[in-house]
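In: Generate a structure from the sequence data that follows.
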Amino acid sequence: MKAIFLDIDGVIATPTSVRLNYLLHRRVDTQWYDAVALSYLGRLVAQTKAVVVLSSTWRQDLESEDPFMRAIMTNLTDQLAQAGAPMADCTPQLPSIDRSGEVGAWLDAHPCEAWAIIDDLARFEDRPEVVEGHLVLVEDSEGIRYRHYRQALDILG
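Out: Take a look at the predicted model:
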């Protein structure tokens, strides 16, 4: 199995998509995500057959009882699926552990032959072995672009 650990803010929710949603008066529960970033993500999944694992703090709202938060998460999962990158799972939420610990815990339970972590922040200190050679660091001002797609493709093989 191959996995893509996906952050949201700065990766598929970019300043461009935020501005577009604002200008078009789209509600946050119907917001659009960056079309270019979603396109590259979908292409990456299609070429590598990797599963998408949500590693973003957004995963905290997956089980929310709040109807508005559920609508936001439904919109997110629907747009990922429409882009060809359906969310298969999410990393566990572990207290006092950074994102590398959460990714590592997921990998401990789901051994993978290859994985890429796509994020806009390098917040990975607990388990550097999980991150080294697997991190695709995206500029939060632009999201996933061709060079990130190529880097992730190289990582996933």
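In: Residue 14 contacts residue 139, correct?
Out: No. Between residue 14 and residue 139 there is no contact, the gap being 9.2 Å when judged by Cβ atoms under 8 Å. No exception for glycine: its C-beta is placed from N, CA and C like everyone else's.
In: which of the two has more neighbours?
Out: For residue 14 against residue 139, the residue with the higher neighbour count under other Cβ atoms under 10 Å is residue 14, and the figures read 25 against 14.
In: Beta-bridge partners for the residue nearest to the spatial centre of the chain, please?
Out: Centre of the chain computed as the mean C-alpha position; nearest residue by Cα atoms, centre = their mean is residue 6, 1.8 Å away. The bridge-partner assignment for residue 6, based on DSSP bridges, gives residue 54, residue 118.
In: residue contacts, it?
Out: Residue 6 sits next to 12, 41, 52-56, 85, 87, 118 when contact means Cβ atoms under 8 Å, 6 or more residues apart in numbering.
In: I'd like those as CSV, with pLDDT, neighbour count and distance to residue 132 appended.
Out: Listed next are the contacts of residue 6 as CSV, based on pLDDT from 0 to 100; neighbours: other Cβ atoms under 10 Å; distance: Cβ to Cβ, whole Å:
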residue, pLDDT, neighbour count, distance to residue 132
12, 98, 28, 24
41, 98, 27, 22
52, 98, 25, 21
53, 98, 23, 18
54, 98, 22, 22
55, 96, 24, 16
56, 95, 21, 21
85, 98, 24, 24
87, 97, 18, 25
118, 98, 28, 15
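In: from these, which is closest to residue 19?
Out: Distance from residue 19 was checked for each of the contacts of residue 6 by Cβ to Cβ. The minimum falls on residue 12, at 14.6 Å.
In: isn't the closest one right up against residue 35?
Out: No. Counting by Cβ under 8 Å, residue 12 does not reach residue 35; the two are 9.4 Å apart.
In: tell me which residues of the lengthiest helix in the chain are tucked away?
Out: Ranked by residue count, the top helix of the chain under DSSP state H comes out as helix 67-82. Using 16 or more other Cβ atoms under 10 Å as the burial criterion, the residues of helix 67-82 that qualify are 69, 72-73, 75-76, 79-80.
In: Show me which of the contacts of residue 6 is closest to residue 25.
Out: Distance from residue 25 was checked for each of those by Cβ to Cβ. The minimum falls on residue 12, at 20.7 Å.
In: if we can go back for a sec, okay, the buried residues of helix 67-82 in a markdown table with distance to residue 143 and pLDDT next?
Out: Shown next, in a markdown table, are these (distance: Cβ to Cβ, whole Å; pLDDT from 0 to 100):
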| residue | distance to residue 143 | pLDDT |
| --- | --- | --- |
| 69 | 23 | 91 |
| 72 | 18 | 92 |
| 73 | 19 | 94 |
| 75 | 17 | 95 |
| 76 | 14 | 96 |
| 79 | 13 | 97 |
| 80 | 14 | 98 |
